[in-house]
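# output the structure for:
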Amino acid sequence: GFMFTVTLKDGKPVKTEYYPGSRQVTGYTAAEYQADRLLWYRMIVEEDRAAVTARISEMLSKKTTTSVEHRIVHKDGSIRWVRNVSVPTIDANLKMTAYDGLITDITELKEAKARSDEFAEQMKQMATRDSLTGLYSRHGFEEEFNRVWQLGERRKMTTGILVMDVDHFKVLNDTYGHPAGDEVLRESAGLISGIVRSVDVVCRYGGDEIVVILPLTGIEETRRIAERLLDAFRRHTFCQGTHNLRATVSIGGACGSGSRQLAQMTLSRADQALYRAKQSGRNRACFDETGPEGAGSAVSVQSPAPAARPGPASKGRALVVDDEPAIRDLCGIILRKAGYSVAFAANGHEAMKTVEMERGSLDVVMMDLKLGDENGLEVLESIRRKDAAIAGIVVTGYATVTSAIGALRGGTSDFVQKPFTEARLVEAMSRAM
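Model (predicted):
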């Protein structure tokens, strides 16, 4: 490190004296500082200058020792970290006549701290993340479950839990080998993470058992997410190019709220529902609809097998966002006729509010590109950040090649130009679903 002394007159600096050591820390000699009175300021990294000047002002006004850590640009162009301590000199009349500065090179300390923080983060990841799938581990599950359950308690809402495992996983492992089994688990983790909402927590609880924690979620939303997961597994081909395997899952679900004891009971109820799903034929979901406080009887609800798809009344739910009431009404008539349920919004604010209120129940958002002064694509991106499982369709009268490419690159599943036919709108909705 090195020291310097700033002499003051009427509170303003009139002279600065630099002592030996400045060259080792900054690369500049005392003579260079004397020749360029603003050199000390210009060498401070621009983002850190405000903090340094604020500390100097504090020291001058309060006449007290101050300290600040900041970066400087060394004469050789490298970035160094320094600790800058300023100590005022007060005379008998309580006037500040000077202050001494001590500049200490703390680059190695900062680098060691950064390495230590990185190592600590790696250790935390190793403790809370499963190395095979990247999902939360059993240890990480405990932390996240406590956090989400407490959130539900504060909001007076239930927490949903889905417990699932891959059907006949042991047979798959024994037949195709553990590498294939590991690949199925990795792909399963990616499949589940891609279906659930961004706020949901996915954990590898042990072996092939995976638990999904659904914050602030009721039984209907929990059931709907389970249905999406079942459908995704039924459609997916695992180990493509090598074994081309088909694998299904069995799912148990439950919802609950209240004390920590009830949290464990809810997890246990979901686990028992999983057992019933496996006992009744696998490739399905069963739900324990016992009340949040554990009152009432458990009801097992099996999801339909692929051959028994839901009828037209339960095809899916769409949110139509358009500032023209006539267009909203027309879309509603067409979609309801095709067997979909529909919600409406006239602008981005209403759309975001609807997504929040119907969290997990919306499948598709039909978005106009121009909503007054709002950009429909930006609203759609915000919606999909909240719930990545929602598909987007752009419906617009301002169709250009640029807007179409921008929409499709942004993850939109379809681009419908106004005026549209009934068949075109239903086709886009069907493809999005």
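# for the stretch 101-250 of the chain, what spans make up the helices?
Here the stretch 101-250 of the chain has its helices, by DSSP state H, counting those that start in this stretch, at 107-128, 138-155, 169-176, 178-195, 219-235.
# now do the second one: distance to the chain's middle.
The chain centroid and the centroid of helix 138-155 are separated by 16 Å, computed with CA atoms, centre = their mean, to the nearest Å.
# which elements pack onto that helix?
helix 107-128, strand 159-166, strand 201-206, strand 209-214, helix 260-279 (3 or more CB pairs under 8 Å, 6 or more residues apart in numbering; DSSP states H and E). C-beta: built from backbone N, CA, C; applies to glycine.
# repeat for the shortest one
Helix 169-176 sits against helix 178-195, with contacts defined as 3+ CB pairs under 8 Å, 6+ apart.
# any idea of the mean pLDDT for the helix it packs on?
Average pLDDT, helix 178-195: 95.
# with only the CA atoms kept, save it in PDB.
Output of helix 178-195 as PDB, limited to C-alpha atoms (Å, rounded to 0.1, in the frame of the first residue of the first chain):
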ATOM      1  CA  HIS A 178     -28.200 -48.500 -16.600                       C
ATOM      2  CA  PRO A 179     -26.900 -45.900 -19.200                       C
ATOM      3  CA  ALA A 180     -30.300 -46.100 -21.000                       C
ATOM      4  CA  GLY A 181     -32.000 -45.800 -17.600                       C
ATOM      5  CA  ASP A 182     -29.900 -42.800 -16.800                       C
ATOM      6  CA  GLU A 183     -30.800 -41.200 -20.100                       C
ATOM      7  CA  VAL A 184     -34.500 -41.900 -19.500                       C
ATOM      8  CA  LEU A 185     -34.200 -40.100 -16.200                       C
ATOM      9  CA  ARG A 186     -32.400 -37.100 -17.700                       C
ATOM     10  CA  GLU A 187     -35.000 -36.800 -20.500                       C
ATOM     11  CA  SER A 188     -37.800 -37.200 -18.000                       C
ATOM     12  CA  ALA A 189     -36.300 -34.300 -15.900                       C
ATOM     13  CA  GLY A 190     -36.200 -32.100 -19.000                       C
ATOM     14  CA  LEU A 191     -39.700 -33.100 -20.100                       C
ATOM     15  CA  ILE A 192     -41.200 -32.300 -16.700                       C
ATOM     16  CA  SER A 193     -39.300 -29.000 -16.300                       C
ATOM     17  CA  GLY A 194     -40.600 -28.000 -19.700                       C
ATOM     18  CA  ILE A 195     -44.200 -28.700 -18.900                       C
END
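# pLDDT of stretch 333-347, averaged?
On average, stretch 333-347 scores 89.
# about what we covered before: so which of the helices of the stretch 101-250 of the chain is the most packed in?
Most buried of the helices of the stretch 101-250 of the chain, by mean neighbour count (mean count of other CB atoms under 10 Å): helix 219-235, with a mean of 19.
# specify the angle between that helix and strand 159-166 in degrees.
20 degrees (axes from the mean of the first three to the mean of the last three CA atoms, to 10 degrees).
# picking up where we left off before, possible to save the helices of the stretch 101-250 of the chain as TSV with distance to residue 322?
Listed next are the helices of the stretch 101-250 of the chain as TSV, based on distance: least, CB to CB, whole Å:
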stretch	distance to residue 322
helix 107-128	44
helix 138-155	32
helix 169-176	47
helix 178-195	28
helix 219-235	25
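# those: which one's closest to residue 380?
helix 178-195 (18.0 Å; CB to CB).
# output the contacting helices and strands for that closest one.
Using 3+ CB pairs under 8 Å, 6+ apart, helix 178-195 is in contact with strand 159-166, helix 169-176, strand 201-206, strand 209-214, helix 219-235.
# where does pLDDT dip in this structure?
For the chain, residues meeting the criterion pLDDT under 70 lie at 124-126, 290-314, 399, 409-411.
# residues in contact with the residue nearest the centre of it?
Centroid-nearest residue in the chain: residue 198, 5.8 Å away (criterion: CA atoms, centre = their mean). Residues near residue 198 by CB atoms under 8 Å, 6 or more residues apart in numbering: 385-388.
# mind running it again at 6 Å?
residue 388 (CB atoms under 6 Å, 6 or more residues apart in numbering).
# before we move on, what about the one 10 residues further on?
Under the criterion of CB under 6 Å, 6+ apart, the contact list for residue 208 reads 165-166, 169.
# same list (these) but as TSV, adding distance to residue 8.
Converted to TSV, the contacts of residue 208 look like this (distance: CB to CB, whole Å):
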residue	distance to residue 8
165	74
166	75
169	77
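# about what we covered before: could the helices and strands packed on helix 138-155 be laid out in a markdown table, adding distance to residue 18?
Output for the helices and strands packed on helix 138-155, formatted as a markdown table (distance: least, CB to CB, whole Å):
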| stretch | distance to residue 18 |
| --- | --- |
| helix 107-128 | 20 |
| strand 159-166 | 63 |
| strand 201-206 | 56 |
| strand 209-214 | 60 |
| helix 260-279 | 62 |
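# now do the helices in the stretch 301-433 of the chain.
325-337, 348-357, 376-386, 401-409, 422-432.
# select, out of these, the one closest to residue 45.
By CB to CB (comparing all of the helices of the stretch 301-433 of the chain), the closest turns out to be helix 376-386, at 32.5 Å.
# mind putting the helices of the stretch 301-433 of the chain into a markdown table with mean neighbour count and distance to residue 183?
Output for the helices of the stretch 301-433 of the chain, formatted as a markdown table (neighbours: other CB atoms under 10 Å; distance: least, CB to CB, whole Å):
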| stretch | mean neighbour count | distance to residue 183 |
| --- | --- | --- |
| helix 325-337 | 16 | 39 |
| helix 348-357 | 16 | 35 |
| helix 376-386 | 18 | 28 |
| helix 401-409 | 13 | 30 |
| helix 422-432 | 17 | 29 |
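# so which of those gets nearest residue 255?
Nearest of these (CB to CB): helix 348-357, 17.7 Å.
# tabulate the CA atom coordinates of the closest one in PDB.
Provided in PDB are the C-alpha atoms of helix 348-357 (Å, rounded to 0.1, in the frame of the first residue of the first chain):
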ATOM      1  CA  GLY A 348     -51.600  -6.200 -21.600                       C
ATOM      2  CA  HIS A 349     -52.600  -5.300 -18.000                       C
ATOM      3  CA  GLU A 350     -55.800  -7.200 -18.200                       C
ATOM      4  CA  ALA A 351     -54.000 -10.100 -19.900                       C
ATOM      5  CA  MET A 352     -51.300 -10.300 -17.100                       C
ATOM      6  CA  LYS A 353     -54.000 -10.100 -14.400                       C
ATOM      7  CA  THR A 354     -55.900 -13.000 -16.000                       C
ATOM      8  CA  VAL A 355     -52.800 -15.100 -16.300                       C
ATOM      9  CA  GLU A 356     -52.100 -14.500 -12.600                       C
ATOM     10  CA  MET A 357     -55.700 -15.300 -11.600                       C
END
